[in-house]
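K.L.:
3D model of this:
(3 chains)
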Amino acid sequence: MSETLEDRLRAVEDKLAIFHLIASHPPAADTGNDGYYRDAFAADAVIDLGTKTATGNEAIAAVVKTPEHQGAIAVGLCHFAGLPRVEIDGDTAVAISYLQVLTPDTDARPRDLSGHGASSGYRIHRLGANRWDLKRTRKGWKVVRRAYRMLDGSEGAPAMLRQAIGVN
Amino acid sequence: MSETLEDRLRAVEDKLAIFHLIASHPPAADTGNDGYYRDAFAADAVIDLGTKTATGNEAIAAVVKTPEHQGAIAVGLCHFAGLPRVEIDGDTAVAISYLQVLTPDTDARPRDLSGHGASSGYRIHRLGANRWDLKRTRKGWKVVRRAYRMLDGSEGAPAMLRQAIGVN
Amino acid sequence: MSETLEDRLRAVEDKLAIFHLIASHPPAADTGNDGYYRDAFAADAVIDLGTKTATGNEAIAAVVKTPEHQGAIAVGLCHFAGLPRVEIDGDTAVAISYLQVLTPDTDARPRDLSGHGASSGYRIHRLGANRWDLKRTRKGWKVVRRAYRMLDGSEGAPAMLRQAIGVN
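P.N.:
Numbers count the residues shown, from 1 in each chain, chains lettered A, B, ... in the order given. You can find the predicted model right below:
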């Protein structure tokens, strides 16, 4: 209401900073860049994938250096992020972002697409939504918690999304 | 040209407000949150999906409460939105956003991805582009019309996209 | 640090201008709008798709007018762009954007999704990341180079992404 131009500009910068943080996740995951996680996540941050969790930015960063994760990169790994929804409340924020995890479809037969060569295509291995909880720090926005739930008909994802948006 | 800082800042805020409105659509559709539609669409708004239409924010909101829509959520429903293109002209705006509608692929055999468990994957049921027509109101940007056309080789989507961008 | 409000606002405008340029690519590719390429790319711009290259905005624009590209539009062609990561450094910028190229899956049997009709679905023909190099000109941001590498397990995409982000 009586916000100054600087307040309003800062709100815009905050939103774009959080967009940037979310947009930087796929290139980090798909190249195994642990530095991203160490920097973007708070020291006591939690990742909750539903199936497994990790606590602390060091432990979170270590995942992409495991032989299992490197094995996925070796066969083709893609994290594909949609347009996020970011709500900022002072020094904290909640963001929702949809995320596909894809890999080459090695079962499929190669098919032609006019002007676009032949390809056996890609399959969507995981599909779901992230809830990111963030806080403002002296070193910029940091992730406090990232939860991911698959949109597979189980109750987890809709419940998480409803809670994130504040509807019952 | 002789725009003030405030004019320029408002243009940025407008664009991000419309991003927010578009980013809020998938979580609403995938949880059956009719409140989103009631709030985001104008009282006389129109949704035109090509195959069917609905008029008025109440009628539009009611769709996600139908047994048919709830049935899709129960088996796994995901609206996945890409990066939108938003053009603002004073108190009106036209946005293009691509949208996938996905659901679990219950026909496929489960497959492993190193470090990412087994999954039978997801299939893209619908794929197309939205044209959103919006207007500025005292209560923020509201959708006046949303049209969706599938990119399936029929003429609808390219024609809609060309018109939205203003090319022949 | 001692940045003025105008400097900060300009940085925000720059980022959104590059978002707009990237968001305008799919509608241009999927409708064969050569005007987009002529305008968005510098006169001496290079497109490097790994498999083939083109030099100059005129040559780049001409691709979408070829019978091969028009043939893809005729069967259904969709470029689907994710959230980009944009870093600006003065009058140059580097952006990463993920991109799916999709087309109807004519091999699959039609399947029903409650409330969403029947569809044989869509397949992802190409999946990869773009690196966009841009420069500021008197006529706005222009693309100097766009490289696209598929996330198919080959070394190209991870190497390109690591270099774009500045990690080893």
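K.L.:
isn't A:Gly71 right up against B:His116?
P.N.:
No: A:Gly71 is beyond contact range of B:His116, at 9.6 Å (criterion: C-beta atoms under 8 Å). All C-beta atoms are positioned from the backbone trio N, CA, C, and that covers glycine.
K.L.:
More neighbours: which of the two?
P.N.:
Of the pair A:Gly71 and B:His116, B:His116 is the one with more neighbours under other C-beta atoms under 10 Å in any protein chain shown, namely 18 against 14.
K.L.:
Now do that one, the pLDDT please.
P.N.:
Here the pLDDT value assigned to B:His116 is 96.
K.L.:
Just give me the longest strand of chain A.
P.N.:
strand A:122-137 (DSSP state E).
K.L.:
Convert that one to PDB, retaining C-alpha atoms only.
P.N.:
Output in PDB follows, covering the C-alpha atoms of strand A:122-137 (Å, rounded to 0.1, in the frame of the first residue of the first chain):
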ATOM      1  CA  TYR A 122      12.500 -40.400 -23.900                       C
ATOM      2  CA  ARG A 123      10.300 -41.600 -21.100                       C
ATOM      3  CA  ILE A 124       9.200 -39.800 -18.000                       C
ATOM      4  CA  HIS A 125      10.400 -41.800 -15.100                       C
ATOM      5  CA  ARG A 126       9.200 -39.500 -12.300                       C
ATOM      6  CA  LEU A 127       6.600 -36.800 -12.400                       C
ATOM      7  CA  GLY A 128       5.700 -34.700  -9.400                       C
ATOM      8  CA  ALA A 129       5.700 -31.500  -7.500                       C
ATOM      9  CA  ASN A 130       8.300 -29.900  -5.200                       C
ATOM     10  CA  ARG A 131       7.500 -27.700  -2.200                       C
ATOM     11  CA  TRP A 132      10.500 -25.500  -1.500                       C
ATOM     12  CA  ASP A 133      10.700 -23.700   1.900                       C
ATOM     13  CA  LEU A 134      13.200 -20.900   1.700                       C
ATOM     14  CA  LYS A 135      14.700 -18.300   4.000                       C
ATOM     15  CA  ARG A 136      16.500 -15.000   3.400                       C
ATOM     16  CA  THR A 137      20.100 -15.000   4.700                       C
END
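K.L.:
Buried ones in it, by neighbour count?
P.N.:
For strand A:122-137, a neighbour-count test (16 or more other C-beta atoms under 10 Å in any protein chain shown) marks A:122-134 as buried.
K.L.:
The one helix or strand A:Arg145 maps to - contacts with which helices or strands?
P.N.:
Here A:Arg145 sits within strand A:140-150, counting by DSSP states H and E. Packing partners of strand A:140-150 (3 or more C-beta pairs under 8 Å, 6 or more residues apart in numbering or on different chains; DSSP states H and E): helix A:5-23, strand A:41-48, strand A:122-137, helix A:156-165.
K.L.:
got a list of contacts for it?
P.N.:
A:14, A:17-18, A:21, A:40-42, A:44-50, A:93, A:99, A:126-135, A:156-157, A:160 (C-beta atoms under 8 Å, 6 or more residues apart in numbering or on different chains).
K.L.:
again with stretch A:37-57
P.N.:
Under C-beta under 8 Å, 6+ apart, the answer for stretch A:37-57 is A:21, A:24-25, A:28, A:58, A:60-61, A:63-64, A:135, A:137, A:142-150, A:156, B:117.
K.L.:
and it, how far out from the chain's middle?
P.N.:
12 Å (C-alpha atoms, centre = their mean, to the nearest Å).
K.L.:
can you give me the end-to-end distance of that stretch?
P.N.:
In terms of C-alpha to C-alpha, to the nearest Å, the two terminal residues of stretch A:37-57 are separated by 6 Å.
K.L.:
list the buried ones in that stretch?
P.N.:
Under 16+ other C-beta under 10 Å, the buried positions of stretch A:37-57 are A:37, A:39-42, A:45-49, A:54, A:56-57.
K.L.:
any chance of these in a markdown table, plus pLDDT?
P.N.:
Formatted as a markdown table, those follow (pLDDT from 0 to 100):
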| residue | pLDDT |
| --- | --- |
| A:Tyr37 | 98 |
| A:Asp39 | 98 |
| A:Ala40 | 98 |
| A:Phe41 | 98 |
| A:Ala42 | 98 |
| A:Ala45 | 98 |
| A:Val46 | 98 |
| A:Ile47 | 97 |
| A:Asp48 | 97 |
| A:Leu49 | 93 |
| A:Ala54 | 97 |
| A:Gly56 | 98 |
| A:Asn57 | 98 |
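K.L.:
Hmm, A:Lys135 is touching A:Asp89, no?
P.N.:
No: with contact defined as C-beta under 8 Å, A:Lys135 does not reach A:Asp89; the gap is 10.7 Å.
K.L.:
Kindly export stretch A:146-157 (C-alpha atoms) in PDB.
P.N.:
Coordinates of each C-alpha in stretch A:146-157 appear next as PDB, following Å, rounded to 0.1, in the frame of the first residue of the first chain:
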ATOM      1  CA  ARG A 146      12.600 -29.400  -0.300                       C
ATOM      2  CA  ALA A 147       9.800 -32.000  -0.500                       C
ATOM      3  CA  TYR A 148       8.900 -33.900  -3.700                       C
ATOM      4  CA  ARG A 149       5.800 -36.000  -4.100                       C
ATOM      5  CA  MET A 150       4.800 -37.900  -7.200                       C
ATOM      6  CA  LEU A 151       1.500 -37.200  -9.000                       C
ATOM      7  CA  ASP A 152       0.700 -40.800  -9.300                       C
ATOM      8  CA  GLY A 153      -2.700 -40.900  -7.700                       C
ATOM      9  CA  SER A 154      -1.500 -41.300  -4.200                       C
ATOM     10  CA  GLU A 155      -2.600 -38.800  -1.700                       C
ATOM     11  CA  GLY A 156       0.800 -37.300  -1.000                       C
ATOM     12  CA  ALA A 157       1.100 -34.700  -3.800                       C
END
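K.L.:
I'd like the average pLDDT over it.
P.N.:
Here the average pLDDT along stretch A:146-157 is 97.
K.L.:
which of the residues in that stretch are buried?
P.N.:
Quick answer for stretch A:146-157 (16+ other C-beta under 10 Å): A:146-153, A:156-157.
K.L.:
ok, which pair from the residues you listed is furthest apart?
P.N.:
A:Arg146 and A:Gly153 (22.2 Å; C-beta to C-beta).
K.L.:
just the buried residues of strand A:122-137 that are near chain B?
P.N.:
A:123-129 (C-beta under 8 Å from any C-beta of the partner chain).
K.L.:
okay, those residues in CSV with distance to chain C and pLDDT next?
P.N.:
Listed next are those as CSV, based on distance: C-beta to the nearest C-beta, whole Å; pLDDT from 0 to 100:
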residue, distance to chain C, pLDDT
A:Arg123, 8, 98
A:Ile124, 8, 98
A:His125, 12, 98
A:Arg126, 14, 98
A:Leu127, 12, 98
A:Gly128, 15, 98
A:Ala129, 14, 98
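K.L.:
Run through chain A and note the low-pLDDT ranges.
P.N.:
Applying pLDDT under 70 to chain A picks out residues A:1-2, A:168.
K.L.:
Whether stretch A:69-76 contacts chain B - can you check?
P.N.:
Yes: residues of stretch A:69-76 contacting chain B under C-beta under 8 Å from any C-beta: A:69, A:71-72, A:74-75.
K.L.:
Nearest to A:Arg8 among these?
P.N.:
A:His69 (40.9 Å).
K.L.:
Just confirm the closest one contacts A:Ile60, I think it does.
P.N.:
No: look at A:His69 against A:Ile60 with C-beta under 8 Å: they stay out of range, at 11.9 Å.
K.L.:
more crowded one of the two?
P.N.:
A:Ile60 (22 against 19).
K.L.:
Now name the helix or strand holding that one.
P.N.:
Short version, using DSSP H and E: A:Ile60 is in helix A:57-62.
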